[in-house]
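Participant: Show me how the following folds:
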Amino acid sequence: MPRRHVTLLLVLLSVLASRSDAGSVGVNYGRVADNLPSAYKVAALIKSQGLERVKVFDSDPAVLRALSGSGIKVTVDLPNELLSSAAKTQMFATNWVQRNVVAYHPNTQIEAIAVGNEVFVDTHNTTKYLIAAMKNIHTALVKFDLASDIKVSSPIALSALQNSYPSSAGSFRPELIQPVFKPMLDFLRQTGSYLMVNAYPYFAYESNADVISLDYALFRENPGVVDAGSGLRYFSLFDAQIDAVFAAMSALKYNDIEMVVSETGWPSKGDENEIGASIENAAAYNGNLVRRILTGGGTPLRPKADLTVYLFALFNEDRKFGPTSERNYGLFFPNEKKVYDIPFTVEGLKNYHDHKSPVSGNHHETAPVASPVTGSGDVSKTLTGNTWCVANGEAGEEKLQAALDYACGEGGADCHQIQPGSTCYDPNTLEAHASYAFNSYYQKKARGAGTCYFGGAAYVVSQPPKYGKCELPMS
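Facilitator: Down below sits the predicted model:
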């Protein structure tokens, strides 16, 4: 064969190999919204955008049927409220797999089951059921000869970390290591699965915009941050967060476990106090993330670890609880129009440019620094003032419970102290637990306007509240 043809062939093979070794981009398909398109239209939309994977938060038959024959790889979810049943009886787990997986696979290409979601911050104390539920679901897959096709995992929030700064010092919360993380990581190793992680650089930036560079948070050009422990230089907050989890696994001798970023995103709109929530920043984060993932390469700590990431979320969800940002993570409006224009494929990246305006949603031009995380997993922030946020007992049990679930879940409040056996578990009342969670959220948000409302379930007080022996912190 002529040398010129050999050279061209080698170049072509190199390009193809680099693309095949690159990461993958999927999307989370949440449905807490009005006027969403039919599941069949959604399947067509996902496919038309070149997205390879979709993750759903349940196993709705209409959605799974619509995805049949699409070629899109699917991750389904066993909701937190079913963990205890799946853990207690193998029959329940087997029946669930038969109804929600076997009935659709392989025409619907189910590739993974997420057992629960951010279980460690679930106010219903479902952590104790997690490992048994994962094992029983896997046993059911073995029974149906699907264990080699479908992986079992469980998405964790970054609040599961005791430390995340610097990244090389990443570690899991001590109280979770023996009962949860070691058996979970053993299970993932034995079954050839991976750890699912929900990572949101936005939360770290929004709470520390005075010290974290926006460019560092949005994958834009910046001088980088050197990890004092490893000497590695980081050019994005995303990589720093992911490596903190890799380091936490390495500290427990699980260097071989792979990771999938099961949720990440940036809101296109927020309340006045939600710094950085804008269309420009959301487009920059997600667009630059897609480029970062599809062009290959891992993190500074794991340079060969190409990542699969699931963008959050497909649609803006107008019925979600909480601040304005919670309803504005979508890539699309319910009418299927893009909220902002970014590509999702290698081909689309050829013409993509992140256009940075002279004045962005946040003006801070500080040196980029990694976000420190305290022992609770929350981003640290210096606060001043003497006000607290407490539950409104007249709001009703249903509204209080919904607000409590939001605060401890997506809201990122530190709810460790209201878990059984912890300092503020007693008095074990909904109002006391909700007050602790609401106040944690309120303090974390720098006591900003609108952060102690929760749909009328909370209000601000100026005298230190106390429930039994539990005093609500000021920071």
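Participant: What about the residue lying closest to Leu404 once chain neighbours are set aside, how many residues nearby?
Facilitator: Counting by Cβ to Cβ, 6 or more residues apart in numbering, Leu404 lies nearest to Ala434, which is 4.5 Å off, once chain neighbours are set aside. Heads up, the C-betas are built off the backbone N, CA and C, glycines and all. Residues within reach of Ala434, counting by other Cβ atoms under 10 Å, total 30.
Participant: my guess is Ala434 contacts Ala403, does it?
Facilitator: Yes. With contacts counted by Cβ atoms under 8 Å, Ala434 reaches Ala403, the gap being 6.5 Å.
Participant: Find residues that contact each of the two.
Facilitator: Listed as contacting both Ala434 and Ala403 by Cβ atoms under 8 Å, 6 or more residues apart in numbering are Ala391, Ala457, Ala458.
Participant: Helices along the stretch 351-475 of the chain, start to end?
Facilitator: Taking DSSP state H, counting those that start in this stretch as the test, the helices found in the stretch 351-475 of the chain are 397-408, 430-444.
Participant: Can you flag the weakest of these by average pLDDT?
Facilitator: Note on these: lowest mean pLDDT is at helix 397-408, with a mean of 89.
Participant: Just the buried positions in that helix, please.
Facilitator: The neighbour-count check on helix 397-408 (16 or more other Cβ atoms under 10 Å) flags Lys399, Leu400, Gln401, Ala402, Ala403, Leu404, Asp405, Tyr406, Ala407, Cys408 as buried.
Participant: now stretch 43-50
Facilitator: Buried, per 16+ other Cβ under 10 Å, within stretch 43-50: Ala43, Leu45, Ile46, Gln49.
Participant: Need the contact partners of it.
Facilitator: By Cβ under 8 Å, 6+ apart, stretch 43-50 touches 27, 29, 37, 54, 66-67, 70-72, 314, 332, 336, 344-345, 347-348.
Participant: Of these, which is the nearest to Leu232?
Facilitator: Phe344 (29.0 Å; Cβ to Cβ).
Participant: So which residue is dead centre in this protein?
Facilitator: Centroid-nearest residue in the chain: Asn198, 2.2 Å away (criterion: Cα atoms, centre = their mean).
Participant: neighbours around the closest residue in space to it that isn't next to it in sequence, how many?
Facilitator: Distances taken as Cβ to Cβ, 6+ apart put Glu263 closest to Asn198, at 3.9 Å, once the chain neighbours are dropped. If you count neighbours by other Cβ under 10 Å, Glu263 ends up with 22.
Participant: so who does Glu263 touch?
Facilitator: Asn28, Pro155, Asn198, Ala199, Tyr200, Tyr310, Phe312.
Participant: need those residues in a markdown table with distance to Asn95, secondary structure and pLDDT, can you?
Facilitator: Written out in a markdown table, the entries for the contacts of Glu263 read as follows (distance: Cβ to Cβ, whole Å; DSSP: H, G, I helix; E, B strand; the rest coil; pLDDT from 0 to 100):
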| residue | distance to Asn95 | secondary structure | pLDDT |
| --- | --- | --- | --- |
| Asn28 | 26 | strand | 98 |
| Pro155 | 23 | coil | 98 |
| Asn198 | 28 | strand | 97 |
| Ala199 | 33 | coil | 97 |
| Tyr200 | 35 | coil | 96 |
| Tyr310 | 27 | strand | 98 |
| Phe312 | 30 | coil | 98 |
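Participant: between those residues, which is nearest Thr423?
Facilitator: Distances from Thr423 to the contacts of Glu263, taken as Cβ to Cβ, are shortest for Asn198 (26.5 Å).
Participant: ok, now how distant is the closest one from Ala103?
Facilitator: 28 Å (Cβ to Cβ, to the nearest Å).
Participant: Check Val152 too.
Facilitator: Distance, Val152 to Ala103, using Cβ to Cβ: 18 Å.
Participant: Compare these two and say which one has the larger neighbour count.
Facilitator: Val152 (24 against 14).
Participant: If we go by neighbour counts, what in stretch 192-201 is buried?
Facilitator: Buried residues in stretch 192-201, defined by neighbour count with 16+ other Cβ under 10 Å: Ser193, Tyr194, Leu195, Met196, Val197, Asn198, Ala199, Tyr200, Pro201.
Participant: cool, and stretch 233-240?
Facilitator: Tyr234, Phe235, Ser236, Leu237, Phe238, Asp239, Ala240.
Participant: Identify the residues contacting the closest residue in space to the fifth one that isn't next to it in sequence.
Facilitator: If you skip the residues right next to it in sequence, Phe238 has Pro201 as its closest partner in space, 5.2 Å away by Cβ to Cβ, 6+ apart. Contact criterion Cβ under 8 Å, 6+ apart gives Ala217, Ser236, Leu237, Phe238, Gln241, Thr264, Trp266, Tyr285 as the residues in contact with Pro201.
Participant: residues contacting the last one?
Facilitator: By that I understand Tyr285. Pro201, Tyr202, Ala217, Leu218, Phe219, Gly265, Trp266.
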